[in-house]
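Peer 1: test case, fold it:
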Amino acid sequence: MSRPPFLSSRPFLWGGLWLILIAAMALRFGDYASHYRYVRMNDLLEHLQYVDYVRMHFAIPRPCDGFEYSQEPFYYWLAAVFYVPALSINQNAAAIAGLGLVLNLAGLWILFCALKYLSSWLVRYGLLIFIGLTPSFVLHCSCIGNDGLAEF
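Peer 2: Numbering: from 1, shown residues only. Next up, the predicted model:
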């Protein structure tokens, strides 16, 4: 029977990984709380229109429906649950950005739990630092679009 990672024979090494995980999660929460997240979102209105279309029709739009491109459907089906037409664009964007935050945090937690299966501490630290603290991964956590689900 295997022991949980934090009860390992080297608790100080797992303690460092816990600190990196907490720092990575704090960066993601800080980015979500920031008012600058709307500045770097690409095609915010188009993504919200796509979500609204999926919510209204329960289907992905065809090319003849006026959308320039097709997207992977699963993210938009998930986002359609959080879209409320009576709310403003900023309120809908904040609700759907929360979905991206949850997906990103879940992916980070799954990575952390999977680290116990790697044999090298250097690889464990390197992988968690790369995924947890790389700016592009942090900044995608609160954007509207299917990038967050792809990173998950």
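
Peer 1: low pLDDT regions in this protein?
Peer 2: The model of the chain has pLDDT under 70 over residues 1-11, 68.

Peer 1: what ranges do the helices span in the chain?
Peer 2: 11-33, 44-57, 73-80, 89-114, 121-133, 135-139, 147-151 (DSSP state H).

Peer 1: as CSV, the ones you listed with mean neighbour count would be great.
Peer 2: C-betas here are computed from N, CA, C, even on glycine. Listed next are these as CSV, based on neighbours: other C-beta atoms under 10 Å:
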stretch, mean neighbour count
helix 11-33, 15
helix 44-57, 17
helix 73-80, 18
helix 89-114, 17
helix 121-133, 15
helix 135-139, 14
helix 147-151, 18
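
Peer 1: and of the ones you listed, who's closest to F67?
Peer 2: Nearest to F67, of all the helices of the chain, is helix 44-57, at 6.5 Å by C-beta to C-beta.

Peer 1: and stretch 96-110, how far from the chain's centre?
Peer 2: 4 Å (C-alpha atoms, centre = their mean, to the nearest Å).

Peer 1: can you dump the C-alpha coordinates of that stretch into PDB?
Peer 2: Extracted in PDB, the C-alpha atoms of stretch 96-110 (Å, rounded to 0.1, in the frame of the first residue of the first chain):
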ATOM      1  CA  ILE A  96     -17.400  32.100 -17.600                       C
ATOM      2  CA  ALA A  97     -13.900  33.200 -16.600                       C
ATOM      3  CA  GLY A  98     -14.700  31.400 -13.300                       C
ATOM      4  CA  LEU A  99     -15.100  28.200 -15.300                       C
ATOM      5  CA  GLY A 100     -11.600  28.700 -16.700                       C
ATOM      6  CA  LEU A 101     -10.200  29.200 -13.300                       C
ATOM      7  CA  VAL A 102     -11.800  26.000 -12.000                       C
ATOM      8  CA  LEU A 103     -10.500  24.000 -14.900                       C
ATOM      9  CA  ASN A 104      -7.000  25.500 -14.500                       C
ATOM     10  CA  LEU A 105      -6.900  24.800 -10.800                       C
ATOM     11  CA  ALA A 106      -8.200  21.200 -11.400                       C
ATOM     12  CA  GLY A 107      -5.500  20.600 -13.900                       C
ATOM     13  CA  LEU A 108      -2.900  21.900 -11.500                       C
ATOM     14  CA  TRP A 109      -4.200  19.700  -8.800                       C
ATOM     15  CA  ILE A 110      -4.200  16.600 -11.000                       C
END
